[in-house]
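> Predicted coordinates and the sequence they were generated for:
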Amino acid sequence: MVPASSAGGLKVSEGARRLKAASSRGLAMDSLRAETRALEAEITALRRACVELPDPGVDTTRVRRSFQEIRQSDSEGWESSKDLRSRLGHLESELLFLSTLTGINIRNYSQRTEDIMNAEMTETGTKKVLQRHRLSGNCHMITFQLEFQILEIQNKESVSSVITDLSIIMEPTEYSELSEFVSRAEERRDLFMFFRSLHFFVEWCEYRKRTFKHFKEKYPEVVHLSEGASSSCMGIRSPRQPGFELVIVWRIQIDEEGKVLPKLDLLTQVPLQALELDKNRVVETAPFSFRTLLGVLGIEATLESLIKSLCTEEN
């Protein structure tokens, strides 16, 4: 399926709010895991106390009372543990669903919070909280590291958040289109645009790779990929017309608003003798006709049509 292109960029505050919600889920999971382990350890200790026999001379009344308390605590502990496990399982299911849907996996995450207070803020009832976040992860084959700060301002009437600093580190990739996009996302401090555009960019890269691989396997003597499976160019050479070649250049662009769009162009390599015989200027107008075909037939059908037209006996 051809991936849909992304929508325009959203406001910083909305991106911060969505990321904060995702971050809260991760922190909630860590807290639940820790609390679950603590409860399990307490339950184990209580059970061990239940089976231990009292020493001779110990007040049996106190032992019976302690036993009843242990049983009550044990029962409450199990109920709390079950509830925590249920909540933890639900959060893990949500994160797995989001990871499967977006292709984005967060491997490491940390957060530090700092309260910012002064006399003026105390008088007006305003509270500022600075959150410092750090995370690393990947979107399919592309890995990244993020460091950003969120300033949350709370007063009696409302709560607002804004990203005050953003740093993105991308591992070296073959996709030169990402460099300018990352700089733009840092400048705008737009985390939501970064994740959304990265998701659609990777989807288009995967689709281009599958499409080129399909035609290479279907027409091995005609289709040539100069840069291998991840090539952004596909050559079509006629086995019956030496020196005649069509080159499909398939770029994936990210515009100013973070919208991801494919851009396909047709280049022609034709012997001089063929150009002299081309009275109808077919070669000259081929790139424009190619764009028209893309709008009518779509990417795959257009490439199939070009390959077949170049390989037929009469051509």
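In hand now; what should we look at?
> What's the per-residue pLDDT of residue 16 here?
If you check residue 16, the pLDDT there is 49.
> Where does the prediction get shaky in the protein?
The model of the chain has pLDDT under 70 over residues 1-81, 118-124, 271, 273-282, 312-315.
> Quick one: the strands in it, in order.
Here the chain has its strands, by DSSP state E, at 104-116, 127-139, 142-154, 159-170, 223-224, 233-237, 245-254, 260-269.
> Figure out which of those strands is closest to residue 177.
strand 245-254 (5.9 Å; C-beta to C-beta). Quick note: C-beta positions are derived from backbone N, CA and C, even for glycine.
> Please report the distance of residue 293 from residue 103.
30 Å (C-beta to C-beta, to the nearest Å).
> ok so, going back, which among the strands of the chain is found nearest to residue 307?
strand 233-237 (5.6 Å).
> So which residues make contact with that closest one?
212, 215-216, 222-227, 244-250, 303, 306-307, 310 (C-beta atoms under 8 Å, 6 or more residues apart in numbering).
> now do 7 Å
212, 215, 222-227, 245-249, 306-307, 310 (C-beta atoms under 7 Å, 6 or more residues apart in numbering).
> Check stretch 240-254 too.
177, 181, 197, 201, 204-205, 208, 232-238, 260-271, 274, 303, 306, 310.
> Tell me which of the strands of the chain sits nearest to residue 286.
strand 260-269 (5.4 Å).
> re earlier: show me which pair in the contacts of strand 233-237 is furthest apart.
The farthest-apart pair in the contacts of strand 233-237, when distances are taken by C-beta to C-beta, is 227 and 310, at 21.0 Å.
> Roughly how far does residue 92 sit from residue 103?
18 Å.
> try residue 219
Taking C-beta to C-beta, one finds residue 219 at 30 Å from residue 103.
> Please apply the same query to residue 299.
21 Å.
> and if you look at residue 109?
18 Å.
> which residues of the protein fall in helices?
12-51, 60-102, 119-124, 177-188, 191-218, 272-277, 282-297, 299-311 (DSSP state H).
> Just the buried residues of the fifth one, please?
In this case it means helix 191-218. For helix 191-218, the neighbour count (16 or more other C-beta atoms under 10 Å) marks 191-205, 207-209, 211-213, 215-216 as buried.
> Just list what it packs against, helices and strands only.
Judged by 3 or more C-beta pairs under 7 Å, 6 or more residues apart in numbering; DSSP states H and E, helix 191-218 is in contact with helix 12-51, strand 127-139, strand 142-154, strand 159-170, helix 177-188, strand 245-254, strand 260-269, helix 299-311.
> Between helix 299-311 and it, find me the angle.
Orientation of helix 191-218 against helix 299-311 (axes from the mean of the first three to the mean of the last three C-alpha atoms, to 10 degrees) gives an angle of 30 degrees.
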